[in-house]
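S.K.: Let me see the structure of the following:
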Amino acid sequence: MIEAATLPERTLLAAAVANVRLHGMEPWGLHGLAHWWRVRHNGLLVADAMGASSRVVKLFAIFHDSHRADDNEDPEHGPRAAAWLERVRAGDTTAHGACAATIDTIRAVTAAEFDALHAACELHTRALHHHDPSVAACFVADRLDLSRVGFRPDPKRMPAPDRLLSNDFIDAAITRERAGLDWPGGGEIESVWGVRPA
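M.R.: Residues are numbered from 1 along each chain as shown. The predicted structure is shown next:
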């Protein structure tokens, strides 16, 4: 089994960015790399307390918005990402952007983790809550970054324990979003994902 710390995140990121470009999106756009990095950070902040898989959180951060057609209303982007993950899991070498390492990684996660990743990608804009703690943590991680589109993250729309979603915790997420990548941990995107901030 692949441990969370050994996920080949740079390789997986390359597959996600290839799909972003295929769909005509800007990798550093509103739903792009800086957002994905903050989602990763947010997810890791809540994963342990929610009983979630950090591996699922990391994979979700990379893939959840990788199949967007635009930065506006695109309700099918989550299902498209989930369908792509199904193809990769099945070993489909024609899945755009999926190299052997990406296929091996997605095939190596447990069935429960894949089901959580698939559900989180498919449902992150469609469902408020989910019974699986890893899916729920992914929802929280993404919604903590909603200030980038003009909304204060609402604890009622995040399936996490109230004790996690204090005003200070939400304010810190907003501060990270407003800083782009200029916050403690933001610059680690280069060492972990191998990309330089635009």
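S.K.: Low-confidence ranges, this protein, go.
M.R.: For the chain, the stretches flagged by pLDDT under 70 are 1-5.
S.K.: rerun that using 80 as the cut-off
M.R.: The chain contains residues with pLDDT under 80 at 1-5, 198.
S.K.: Can you tell me how far the residue most central in space within it is from D168?
M.R.: Centroid check for the chain by C-alpha atoms, centre = their mean gives A61 as the closest residue, at 1.6 Å. Using C-beta to C-beta, to the nearest Å, we find A61 at a distance of 23 Å from D168. Every residue, glycine included, has its C-beta placed from N, CA and C.
S.K.: and if you look at G97?
M.R.: 39 Å.
S.K.: Compare neighbour counts for those two and give me the winner.
M.R.: G97 (18 against 8; other C-beta atoms under 10 Å).
S.K.: Next SSE downstream of the longest helix along the chain?
M.R.: For the chain, the helix reaching the highest residue count under DSSP state H is reported as helix 33-50. Next along the chain after helix 33-50, taking DSSP states H and E as the criterion, comes helix 54-63.
S.K.: so what does that following helix touch, helix or strand wise?
M.R.: Applying 3 or more C-beta pairs under 8 Å, 6 or more residues apart in numbering; DSSP states H and E, we find helix 54-63 packed against helix 9-22, helix 33-50, helix 77-89, helix 111-123, helix 133-143.
S.K.: most tightly surrounded among those?
M.R.: Mean neighbour count, computed with mean count of other C-beta atoms under 10 Å, is highest for helix 133-143 among the helices and strands packed on helix 54-63, reaching a mean of 27.
S.K.: in the helix or strand that that one is followed by, what's buried?
M.R.: Next along the chain after helix 133-143, taking DSSP H and E as the criterion, comes helix 167-178. For helix 167-178, the neighbour count (16 or more other C-beta atoms under 10 Å) marks 169-170, 173-174, 176-177 as buried.
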